[in-house]
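Visitor: below is the sequence, then the predicted model.
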Amino acid sequence: MEPCLVCYIEHPQTDFISLSCGCRFCKDVVRGWVTSQLMKYFVEDFFILCPKGERGHYINENDIKSCLTDEEYANYQFILLKRSLIHDEEYKICSSKECNAIGWIDNSISCTKPLICNVCKNEWIDPFLRPWQYRYYEIFKAVYSGEVELWSCLWKELWTKLCPMCGFPIEKSGGCPHMICQHCTHEFCWNCLTEYDSHNYGKCEYRFAYRGIYYAWIFIFFILKIFYSSEVYGDIFSYLVDQMKIFFIAAIIAVSCVGTFTMAWYFYRSKHKTKYLAVVLLPLAILSDYMVFSYLSQLDEIEQVMKLITKLLTSAISVYGGWKLLY
């Protein structure tokens, strides 16, 4: 009988295995250790140390084969295959937990229909094969029709996203926007989903602003649907709009002015490839502001509107300054 250095249980000599690094442990310990380490197959520099944990003491293929059962070794070989294909977008693994079939697709073709496994006939939707605008259309349609709750949808959109490399869902609980997928180790920006090595903050700001505008439109249409669903809500909504008309106009102008100023600032400091986008959008924003001010100059309530704009802009600057001091 001989005690194992890991489990401290005495085993017969035949239950031990001598690894290629010179270490000696019982087969149960080595089998459990190898099985647990296989869960880290997504790491870029994937290798299995011996249970002793010393640098340079690696477990080779013969060690793994001698300590695993035939079923476990087949699973190990599949994991190696999955690791080699995980960065290849043309190969897709069946989403069913009971099936590990792998199929080839033409990744250059957009498709809105679900994929079908040739082995188990399982169907699933691959978000990377669908046009990017199709997903937002489905979300908007589901919220507007009442199939999905607004707050649940906003929570998923704001706090969970799919890895742009492997499609694995990720929930962000805090920290900076630099994300590392635990499934494929792909590094990307949480805000714009671009690869972090080639990330530029100007492009990130534009995409983040577009997403904010999209969520705002979903919320606005959701409110409109509530108030126009019955005469009672419709009368309440009409009364509120009539009483707060000046405030709404002032808020829209304030947001427009802030957006134009922000775009002008990024245009001034940016040296990235998306600067041509600001060249087009900035003149349009200035023209839009000019047209709005020209229209408002004809209203009787222009003085009240200008006072509200001043208060809103002052409040926005104060909040932004406080946020910068805190974060």
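Guide: Perfect, thanks for sending it.

Visitor: in the protein, which helix or strand is least confident?
Guide: helix 302-326 (a mean of 54; mean pLDDT, DSSP states H and E).

Visitor: check which residues of stretch 180-197 are buried.
Guide: Buried positions in stretch 180-197, judged by neighbour count with 16 or more other CB atoms under 10 Å: Cys181, Cys184, Thr185, His186, Phe188, Cys189, Trp190, Asn191, Cys192, Leu193. C-beta here means a position set from N, CA and C on the backbone, and glycine is covered the same way.

Visitor: sort out for me which of these are in strands.
Guide: Phe188, Cys189 (DSSP state E).

Visitor: any weak-confidence spans in the stretch 151-300 of the chain?
Guide: Counting by pLDDT under 70, the stretch 151-300 of the chain has low-confidence residues at 151-155, 157-158, 183-185, 200-300.

Visitor: look up how far Lys82 lies from Ile125.
Guide: 20 Å (CB to CB, to the nearest Å).

Visitor: and Leu5, by the same measure?
Guide: 32 Å.

Visitor: and Asp106, by the same measure?
Guide: To Lys82, Asp106 is 21 Å away according to CB to CB.

Visitor: okay, those two: which has more neighbours?
Guide: Neighbour count, other CB atoms under 10 Å: between Asp106 and Lys82, Lys82 has more, with 15 against 8.

Visitor: ok so that one is a strand residue?
Guide: No - counting by DSSP: H, G, I helix; E, B strand; the rest coil, Lys82 is located in no strand; its state is helix.

Visitor: that one reaches Ile93, doesn't it?
Guide: Yes - counting by CB atoms under 8 Å, Lys82 touches Ile93, with 6.5 Å between them.

Visitor: got the domain boundaries for the chain?
Guide: For the chain, automatic domain parsing gives the domain ranges 2-85, 89-129, 131-229, 244-327.

Visitor: which of the three states applies to Ala74?
Guide: Per three-state DSSP, Ala74 ends up helix.

Visitor: that one: neighbour count?
Guide: 12.

Visitor: check it and give its pLDDT.
Guide: On the pLDDT scale, Ala74 is placed at 82.

Visitor: look up how far Leu81 lies from it.
Guide: Distance, Ala74 to Leu81, using CB to CB: 11 Å.

Visitor: list the residues that contact the closest residue to Ser66 other than its chain neighbours.
Guide: Leaving aside its chain neighbours, Ser66 sits nearest to Ile17 (6.2 Å; criterion: CB to CB, 6 or more residues apart in numbering). Applying CB atoms under 8 Å, 6 or more residues apart in numbering to Ile17 gives the contacts Arg24, Phe25, Cys26, Lys27, Val30, Asp63, Ser66, Cys67.

Visitor: if we use 6 Å, what do you get?
Guide: The contact partners of Ile17, by CB atoms under 6 Å, 6 or more residues apart in numbering, come to Lys27, Val30, Cys67.

Visitor: in a markdown table: those residues, plus distance to Glu10.
Guide: Formatted as a markdown table, the contacts of Ile17 follow (distance: CB to CB, whole Å):
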| residue | distance to Glu10 |
| --- | --- |
| Lys27 | 14 |
| Val30 | 17 |
| Cys67 | 19 |
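
Visitor: among those, who's most crowded?
Guide: Within the contacts of Ile17, Val30 tops the neighbour count with 25 neighbours, counted by other CB under 10 Å.

Visitor: against Glu171, how distant is it?
Guide: Counting by CB to CB, the gap from Val30 to Glu171 is 35 Å.

Visitor: repeat for Asp70
Guide: Distance of Asp70 to Glu171, computed by CB to CB: 37 Å.

Visitor: same thing with His186?
Guide: 16 Å.

Visitor: Glu98 now?
Guide: Distance, Glu98 to Glu171, by CB to CB: 25 Å.

Visitor: next one: Gln37
Guide: From Gln37 over to Glu171 the distance is 25 Å, taken as CB to CB.

Visitor: those two: which has the busier surroundings?
Guide: The neighbour count for Gln37 versus Glu171, taken as other CB under 10 Å, is higher for Gln37 (17 against 9).

Visitor: just the element for the more buried one, please.
Guide: Here Gln37 sits within helix 27-37, counting by DSSP states H and E.

Visitor: ok, and for that helix, which residues are buried?
Guide: Buried residues in helix 27-37, counted by 16+ other CB under 10 Å: Lys27, Asp28, Val29, Val30, Arg31, Trp33, Val34, Gln37.

Visitor: who does the very next helix or strand once past that helix touch, helix- and strand-wise?
Guide: Downstream of helix 27-37, the next assigned helix or strand under DSSP H and E is helix 61-67. Using 3 or more CB pairs under 6 Å, 6 or more residues apart in numbering; DSSP states H and E, the elements in contact with helix 61-67 are helix 27-37.
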